[in-house]
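**Q** here is my input, please return the structure:
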Amino acid sequence: MFIAFGRDRVEPLDRMRRALSEFQLEGIKTTLPFLRAVLGSERFARGQVHTQLVEQGAFNA
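**A** Okay, the predicted model is just below:
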C-alpha cells in the first residue's frame, strides 16, 4: 500500500509517481502498470475522476 501526503495535490502525486517508478517486484503479475497509468493521467491530477472511468478503460496501460 502506498500513502503520500503533501501541502497541496501536486506534492503527494509527485511522491507517489516517484515511489511507483522506483518500486520493483518480479515473478508475479501486479497492478503497477495500472497504478502508473492512473497517476500519469492529467484527469486524475485534476481530480476529475469517477469509478466508471476504470470500467471505460480510461487508464488502460
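**Q** now tell me which helix or strand of the protein has the poorest mean pLDDT.
**A** Sorting the helices and strands of the chain by mean pLDDT, DSSP states H and E puts helix 52-55 at the bottom, at a mean of 87.
**Q** could you dump the longest helix seen in the chain to CSV, C-alpha only?
**A** Among the segments of the chain that qualify as a helix by DSSP state H, the longest is helix 10-22. Provided in CSV are the C-alpha atoms of helix 10-22 (Å, rounded to 0.1, in the frame of the first residue of the first chain):
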residue,chain,number,x,y,z
VAL,A,10,0.7,18.1,-6.6
GLU,A,11,3.2,17.2,-3.9
PRO,A,12,1.7,13.8,-2.9
LEU,A,13,1.1,12.9,-6.6
ASP,A,14,4.8,13.6,-7.4
ARG,A,15,5.8,11.5,-4.4
MET,A,16,3.5,8.6,-5.5
ARG,A,17,4.9,8.8,-9.1
ARG,A,18,8.4,8.6,-7.8
ALA,A,19,7.7,5.7,-5.4
LEU,A,20,6.0,3.7,-8.2
SER,A,21,8.8,4.4,-10.6
GLU,A,22,11.3,3.1,-8.1
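**Q** distance of the residue nearest the centre of the chain from Gly27?
**A** In the chain, the centroid-proximal residue (C-alpha atoms, centre = their mean) is Leu39; its distance is 3.0 Å. Noted for Leu39: a distance of 23 Å to Gly27, by C-beta to C-beta, to the nearest Å. In short, each C-beta sits where N, CA and C put it, glycine included.
**Q** same thing with Phe2?
**A** From Phe2 to Gly27 the distance is 20 Å (C-beta to C-beta).
**Q** those two - which one has more neighbours?
**A** The residue with more neighbours, out of Phe2 and Gly27, is Phe2; 11 against 5, by other C-beta atoms under 10 Å.
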